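> need the 3D shape of this:
(one chain, ligands or ions: 1)
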Amino acid sequence: MNMIISESLRLYPPVIQLVKKAERESRLGKLIVPTNIDSVIPIVALHHDPQIWGQDA
Ligand code: HEM
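Modelled structure (predicted):
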């Protein structure tokens, strides 16, 4: 039952994206993110990423 609930929440999360504001300049991988820039975090895309979940994500 837990596996079914987790898989349902992965495929159909109740929140599909978040917006985060950089309070100060920060490094994100190769990117320098300036202060006050908004970044969209696409939860649905992360939950369907084949690099994490495999080709049948
Ligand atoms: C209520 C349902 C859920 C919500 C709202 C949610 C939300 C999120 C958010 C906001 C992120 C991005 C985190 C970040 O800022 O890096 C994320 C990433 C992720 N979530 Fe979920 N999640 C949910 C359910 C699940 C479930 C059920 C699983 C696994 C069974 C899961 C696995 C992951 C994984 C593997 C990532 C990527 C982490 C990474 O690449 O750093 N999530 N999710």
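
> how close does His48 sit to Pro13?
Distance, His48 to Pro13, using C-beta to C-beta, to the nearest Å: 10 Å. Quick note: C-beta positions are derived from backbone N, CA and C, even for glycine.

> so Leu18 sits against Ile43, correct?
Yes. Between Leu18 and Ile43 there is a contact under C-beta atoms under 8 Å: 6.7 Å.

> by mean pLDDT, flag the weakest helix or strand of the chain.
strand 26-28 (a mean of 93; mean pLDDT, DSSP states H and E).

> starting at the chain centroid, how far to that one?
16 Å (C-alpha atoms, centre = their mean, to the nearest Å).

> what pairs with it, and is each one parallel or antiparallel?
Next to strand 26-28 in the sheet, as set by DSSP bridges, lie strand 31-33 (antiparallel).

> tell me if whatever helix or strand comes next after the partner strand is near the ligand.
Following strand 31-33 in sequence order, the next helix or strand is strand 38-42 (DSSP states H and E). Yes. Contact between strand 38-42 and the ligand is present through Ile41 (criterion: C-beta under 6 Å from any ligand atom).

> what does stretch 46-57 give?
Yes. Using C-beta under 6 Å from any ligand atom, stretch 46-57 reaches the ligand at 46-47, 52.

> between those, which has the most around it?
Using other C-beta atoms under 10 Å as the neighbour criterion, His47 leads the residues of stretch 46-57 next to the ligand with 16 neighbours.

> mind listing what it touches?
10-11, 13, 53 (C-beta atoms under 8 Å, 6 or more residues apart in numbering).

> let's see 10 Å
9-13, 16, 53, 57 (C-beta atoms under 10 Å, 6 or more residues apart in numbering).

> so which two of these are the farthest from each other?
Maximum pairwise distance among the contacts of His47 (C-beta to C-beta): 16.8 Å, between Ile16 and Trp53.

> is stretch 10-20 positioned near the ligand?
Yes. For stretch 10-20, a contact with the ligand is found by C-beta under 6 Å from any ligand atom, at 10, 13-15, 18.

> hmm, which of the residues you listed are the buried ones?
Neighbour counting with 16 or more other C-beta atoms under 10 Å marks Arg10 as buried within those.
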